[in-house]
Structure formats: C-alpha cells, structure tokens
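Student: What follows is a predicted structure for the sequence shown.
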Amino acid sequence: MASAIEVHGLVKRYGSLAAVDGIDFTVGSGAVFAFLGPNGAGKTTTTEILEGLRRRTSGDVRVLGLDPWTEGRPLHRRIGVIPQDFRFFEKITPKEAIEYYRALFHTAVDPGELLAKVELLDKMHARFDTLSGGQKQKLGLALALTNNPEICFLDEPTTGLDPHARRAIWAVIRELKREGRTVFLTTHYLEEAELLAEQVAIIHHGRIIAAGPPSEIIRAHGLPARISLEGPPQLAEHLRLALGLNVTYEAGRAEIELSDKRDALKILSAVETSGLPWQSFQTLQDTLEDVFVRLVGRMDDGALKSEATP
Ligand SMILES: Nc1ncnc2c1ncn2[C@@H]1O[C@H](COP(=O)(O)OP(=O)(O)O)[C@@H](O)[C@H]1O
Ligand SMILES: [Mg+2]
C-alpha cells in the first residue's frame, strides 16, 4: 500500500514545551488512521502541521508526497479539513456555505448531492445557528468534501455529540473509506478508533506510546483473554485443581486466564463434571481502552517515580 502520510522525527516546541516530541508514523493510502490521545497530548498540533497550518520545529513530514509547509498551495487543493470545534457564520445556510466553498475551490459540486451524502439535506436552508451539534459537524464534513479530497483530516469530529449523532458521523467516515479516501481522524474515544480505524497511534505527552492495528496493540499490550463465571468458591478451587490454570475468585465470580483457546473447552467440561452450580458465563478480552488506561497509567507511574528519585 502506498503511503498518504509519512512522518519522521517530528518535533514541535512552544517555548520550552515539546508539544510533539519526536514522533514517527505512516498512514497508508485509503486507510482510516486514528490518532488517539487525551486532551493536550499533541493531536491538534500534529494535525495542523500535516495540514500545513502550523510550522514544525524539526523532522520530516510528507503528505501526498508534499511538504505541507513549503508546498501548502498544491496540497490544499487535495485535502479536506474539519478543524477542532468547527464553527461557521451564524446566518449562513448549509447550501450557501457549500456554494461559498465551491467558489473558493473553483469546483462544481452540487450542494444537494453533498448534503445528501452527509445526511443533512433536510437542513439545506436552515441557518447555521439553528443546527444541532451533530448537524454542524455534518456540515463541516460536507465542506471538507467540496474539493473531492484524497485525504480528509477530521479533528475530534464527534466530541460532545450524542450517541446517535456520533453514529451518523461514523457512517460518513465509512463511506469516505469506501470511496477510497484516506481519513486522518483524531479522537479521545477509544471505542471509536477500535470500530473505525485499521491503524491507530496512541499519543501521550507528545510521544507515541503504541501504534499499529488495534487488534495487534491489544495483543501486544493487553491481558490474556479470560473466562469468567458466577458460582460458589468451591468452583474456583475445583477448576484450579482440575486444570492447573490461573484461577482467581472475587465477588462471586471465578476468572480463568486462557493461555490457549482450547483451554475454553477444557474449562467448560471441568465446570460440567464439578456438579457445582454456575451461571452467566462470559469471555473477557481487553479493549483498546483497557490497554490505553494501562499504558498511560504505567507511564505516569514511571514519571512520578523518576521525579521522586533524587
Ligand atoms: N499555540 C500554542 N502555544 C502554546 N502552547 C500550545 C499551543 N497550542 C497547543 N499548545 C500546547 O501544546 C500541547 C498540545 O496541545 P494540542 O496539540 O492542542 O493537544 P490535543 O489536540 O491532543 O488536545 C498542550 O499542552 C497545549 O496546551
Ligand atoms: Mg485537539
């Protein structure tokens, strides 16, 4: 897969603060890439450097083969951008907004077609200040698409939206991918990244602490898969003796770590032969959120310890 974005050793300092502290990543052409991290991690700074809106301190950045800072003009014709906290003129309608962007970019898009794509056709003639948060973001998406971009940069497009509006934005992102566009999405919602992106990078204090497909990050940094079932303490004891597996017991539930997926079958048959009562059988698998919390927690603990050392 050719790469749409390549970043090597990117650094951005604001005075003494290294907001982006030496990051590397590549985004494949046609991929949905999620750039994940808590507030202040460096997501917007990185995004705006890629968009050619901020100058980097050092490092090498290529977007569609171009340097976003020195080759911004040709780049801007080929990318679409929704800034964080997208706002627009209050009295303008979605139709007028698209006509305005169409004139800026000298394109020939049909406002109705574009608004239908983001499911905002019914608000074509509504004033911007009467739109809901989700509708405003949809207009932002439509505007980002007026120039038929190869890459869409979406900086926290779903922050603060209700679950229904978030799902509507996800549907548009999936549609962008189907059309073969590259999507660079920043978010602090981990489940959103897990659902939409084939590649993610987790940024914390300006550094990437994990990167790759969500399933690989979970495999590399997550806890092993577990089986959990409700039953008496003797059930945990029976399984421990019968299977020789790591079994814990807490709050009425036995939890058994799987070192191999075939363990699941052995556990089921051991439960059956125990003759003990059991219910609510569950398999537990770390999510990206579990992994994120663990990685960030470990980093912050490390930082505290090294600060405490004289
Ligand atoms: N223009 C600026 N001047 C000084 N500091 C900034 C500026 N923009 C961002 N920062 C700081 O850089 C860090 C990263 O910010 P940002 O990239 O906006 O993070 P995120 O988008 O992940 O929330 C934060 O500590 C923020 O306060
Ligand atoms: Mg931000």
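Tutor: Cool, the structure landed. Ligands and ions are numbered 1, 2, ... in the order given.
Student: Pairing partners for the strand or helix carrying residue 154, with directions?
Tutor: Secondary structure from DSSP states H and E places residue 154 in strand 151-155. Paired neighbours of strand 151-155 in the sheet (DSSP bridges): strand 79-82 (parallel), strand 182-187 (parallel).
Student: centre of the chain versus that strand, how much separation?
Tutor: Put simply, strand 151-155 sits 12 Å off its chain's centre (C-alpha atoms, centre = their mean, to the nearest Å).
Student: Restrict whichever helix or strand comes after it to CA atoms and write it as PDB.
Tutor: Once the chain leaves strand 151-155, the next helix or strand it forms, by DSSP H and E, is helix 163-178. Only the C-alpha atoms of helix 163-178 are listed here, as PDB (Å, rounded to 0.1, in the frame of the first residue of the first chain):
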ATOM      1  CA  PRO A 163     -24.600   8.700  20.600                       C
ATOM      2  CA  HIS A 164     -27.000   9.000  17.600                       C
ATOM      3  CA  ALA A 165     -25.100  11.900  16.100                       C
ATOM      4  CA  ARG A 166     -21.800  10.100  16.600                       C
ATOM      5  CA  ARG A 167     -23.100   7.100  14.700                       C
ATOM      6  CA  ALA A 168     -24.200   9.300  11.800                       C
ATOM      7  CA  ILE A 169     -20.600  10.700  11.600                       C
ATOM      8  CA  TRP A 170     -19.200   7.200  11.700                       C
ATOM      9  CA  ALA A 171     -21.400   6.200   8.800                       C
ATOM     10  CA  VAL A 172     -20.000   9.100   6.800                       C
ATOM     11  CA  ILE A 173     -16.400   8.100   7.700                       C
ATOM     12  CA  ARG A 174     -17.100   4.600   6.500                       C
ATOM     13  CA  GLU A 175     -18.500   6.000   3.300                       C
ATOM     14  CA  LEU A 176     -15.300   8.100   2.800                       C
ATOM     15  CA  LYS A 177     -13.200   4.900   3.100                       C
ATOM     16  CA  ARG A 178     -15.400   3.000   0.600                       C
END
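Student: So for helix 163-178, what gets flagged as buried?
Tutor: Residues of helix 163-178 classed as buried: 165-166, 168-170, 172-173, 176-177 (neighbour count, 16 or more other C-beta atoms under 10 Å). C-beta: built from backbone N, CA, C; applies to glycine.
Student: restrict those residues to those near ligand 2?
Tutor: Filtering those for proximity to ligand 2 by C-beta under 5 Å from the ion leaves nothing.
Student: hmm, back to that, quick check, the strand holding residue 154 touching ligand 1?
Tutor: No: judged by C-beta under 6 Å from any ligand atom, strand 151-155 stays clear of ligand 1, getting no closer than 7.3 Å.
Student: which regions of the stretch 1-150 of the chain lie under the pLDDT threshold?
Tutor: With pLDDT under 70 as the threshold, the stretch 1-150 of the chain has low-confidence stretches at 1.
Student: how about the residues of it that lie near ligand 2?
Tutor: Residues of the stretch 1-150 of the chain lying near ligand 2 (C-beta under 5 Å from the ion): 43-44, 84.
Student: ok, the residues you listed vs ligand 2, which is closest?
Tutor: Taking C-beta to the ion as the measure, residue 44 is the one of those closest to ligand 2, at 3.2 Å.
Student: domains of this structure?
Tutor: As assigned by automatic domain parsing, the chain contains the domains 3-220, 224-284.
Student: and among the ones you listed, the most buried is which?
Tutor: Mean neighbours per residue, mean count of other C-beta atoms under 10 Å, is largest over the domains of the chain for domain 3-220, with a mean of 18.
Student: Off-centre distance for that one?
Tutor: Relative to its chain's centre, domain 3-220 lies at 11 Å (C-alpha atoms, centre = their mean).
Student: The residue nearest the centre of the chain: helix or strand, and which one exactly?
Tutor: The centroid of the chain falls nearest to residue 193 when counting by C-alpha atoms, centre = their mean (3.0 Å). Assigned by DSSP H and E, residue 193 falls within helix 190-196.
Student: Give me the residues contacting that helix.
Tutor: Helix 190-196 is contacted from outside by 32, 34, 36, 158, 166, 170, 173-174, 183, 185, 187, 200, 214, 287-289, 292, using C-beta atoms under 8 Å, 6 or more residues apart in numbering.
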